[in-house]
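# missing the sequence, but the structure's below:
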């Protein structure tokens, strides 16, 4: 049946990946098993050290490897280039230079080659324009939904002890059951999560990275 939108679809993976999968309760429960599975690599690593590593801020060239704070900077660069291509102010031949300038300005890095620059994505070569903004929409939506759903006592209690059944049930009731029968706006309204609200995402980033 498909989903309500690319942004809503992306929000579900980002919610689990970032808000759950990078959290302290998750790894307090699961790090021992990970270390037992990879003793040579993690035998002398503690859970606090692991959390610092997976939540570190390390600007890089590759979008899909980006940390949370710089992920949207990668996306915004692509959107600027895409908009310039579509309005005719940028020639295709000038994409590499604009990309290199953007990486330098946004992330403070000097791009070594186009393989780690404008050739790393397949979107434009497949005529797939307009997709990049949905990744940021997904990040914003994930933060807003997570903030709203954890106001439920059962969800909050489950998150604190790394029991994600209540969160899964809440997501199923609020979103997954409806699939395409409701728009993103309707589902967010139904959860009182609101729309186009960046406060939850900024609060999440400050809490995790500004401490």
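Sure thing, it's come through. Keep in mind that what you see is a predicted model, and the values were worked out from it rather than measured.

# tell me which element residue 49 is part of?
Secondary structure from DSSP states H and E places residue 49 in helix 47-54.

# What average pLDDT does the helix or strand following that helix get?
Following the chain from helix 47-54 toward its C-terminal end, the next helix or strand by DSSP H and E is helix 68-87. Across helix 68-87, pLDDT averages out at 97.

# Let me see the confidence value for the residue nearest to residue 67 when sequence neighbours are not counted.
The spatial neighbour of residue 67 that comes closest, neighbours along the chain excluded (Cβ to Cβ, 6 or more residues apart in numbering), is residue 57 at 5.2 Å. Just so you know, the C-beta spots here come from the backbone N, C-alpha and C atoms, and that holds for glycine as well. Model confidence at residue 57, given as pLDDT, is 95.

# cool, residue 1 as well?
Confidence at residue 1, expressed as pLDDT, is 49.

# hmm, back to that, shouldn't the residue nearest to residue 67 be in contact with residue 70?
Yes. Taking Cβ atoms under 8 Å as the definition, residue 57 is a contact partner of residue 70 at 6.9 Å.

# if we look at the lowest-mean-pLDDT helix or strand in the chain, which residues are touching it?
Here the helix or strand of the chain ranked lowest by mean pLDDT, DSSP states H and E is helix 184-190, holding a mean of 83. Contacts with helix 184-190, where a contact means Cβ atoms under 8 Å, 6 or more residues apart in numbering, come from 4-5, 7-8, 141, 144-145, 174-175, 178, 182, 194-195.

# tally of neighbours for the residue nearest to residue 67?
Close neighbours of residue 57, defined as other Cβ atoms under 10 Å, add up to 12.

# Same question for the one 4 residues further on.
Residues near residue 61, counting by other Cβ under 10 Å, number 19.

# Show residues contacting stretch 149-168.
Contact with stretch 149-168 is made by 20, 23, 25-26, 28-30, 170-171, 174, 191, as judged by Cβ under 8 Å, 6+ apart.

# And those, which is the shakiest by pLDDT?
When these are compared by pLDDT, residue 191 scores lowest at 81.

# ok, the closest residue in space to it that isn't next to it in sequence - contacts?
If the residues on either side of it in the chain are set aside, residue 191 comes closest to residue 174, at 4.8 Å by Cβ to Cβ, 6+ apart. The contact partners of residue 174, taken as Cβ under 8 Å, 6+ apart, are 145, 149, 187, 190-191.
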